[in-house]
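A.B. asks: sequence-free structure coming up:
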């Protein structure tokens with residue numbers, strides 16, 4: 001007996017990405033620490049990647065357009081994290097804090 005794998009409905013992927021995106025928006029709006037804000041932005045980008053892949057698989061399974069866009073999103077997210085952490089580390093060394101509320105100007 002061979003079992004045919006059940007396809008997961010598209011709505012479940014949309015709900016998952018909406019939950020991840022909502023958690024990311026809440027993290028960006030409520031956190032004071034810059035590292036946690038960057039992590040929340042990453043959650044939002046992951047939610048977008050899930051949507052891209054899910055819609056690509058359900059609309060045109062033979063084309064890899066959504067997967068290619070998701071790879072670009074992951075690449076841009078990695079570059080964004082590297083740059084953001086470098087800026088946060090420099091600000092922490094100069095100011096002694098990584099709280100966004102206490103960093104109001106770029107003048108040192």
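C.D. replies: Received the coordinates, thanks. Everything numeric here is computed off the predicted structure, so don't read it as measured data.

A.B. asks: Now do the helices in the protein.
C.D. replies: 10-30, 34-59, 65-95 (DSSP state H).

A.B. asks: Switch these over to TSV; also include distance to residue 103, mean neighbour count and mean pLDDT.
C.D. replies: All C-beta atoms are positioned from the backbone trio N, CA, C, and that covers glycine. Formatted as TSV, the helices of the chain follow (distance: least, CB to CB, whole Å; neighbours: other CB atoms under 10 Å; pLDDT from 0 to 100):
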stretch	distance to residue 103	mean neighbour count	mean pLDDT
helix 10-30	16	14	95
helix 34-59	8	18	91
helix 65-95	6	14	90
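
A.B. asks: now the ones you listed as CSV including distance to residue 102?
C.D. replies: Converted to CSV, the helices of the chain look like this (distance: least, CB to CB, whole Å):
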stretch, distance to residue 102
helix 10-30, 16
helix 34-59, 10
helix 65-95, 7
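
A.B. asks: can you tell me which of those comes nearest to residue 101?
C.D. replies: Residue 101 sits nearest to helix 34-59 of all those, at 10.3 Å, using CB to CB.

A.B. asks: What is the closest one packed up against?
C.D. replies: If you count contacts as 3 or more CB pairs under 8 Å, 6 or more residues apart in numbering; DSSP states H and E, helix 34-59 packs onto helix 10-30, helix 65-95.

A.B. asks: among the helices of the chain, which is nearest residue 104?
C.D. replies: Residue 104 lies closest, by CB to CB, to one member of these: helix 65-95, at 10.4 Å.

A.B. asks: Chain neighbours aside, what residue packs nearest to residue 92?
C.D. replies: Of all residues not flanking residue 92 in the chain, residue 98 sits nearest, at 4.9 Å (CB to CB, 6 or more residues apart in numbering).

A.B. asks: what does residue 13 give?
C.D. replies: Using CB to CB, 6+ apart and skipping the chain neighbours, the partner closest in space to residue 13 is residue 54 (3.7 Å).
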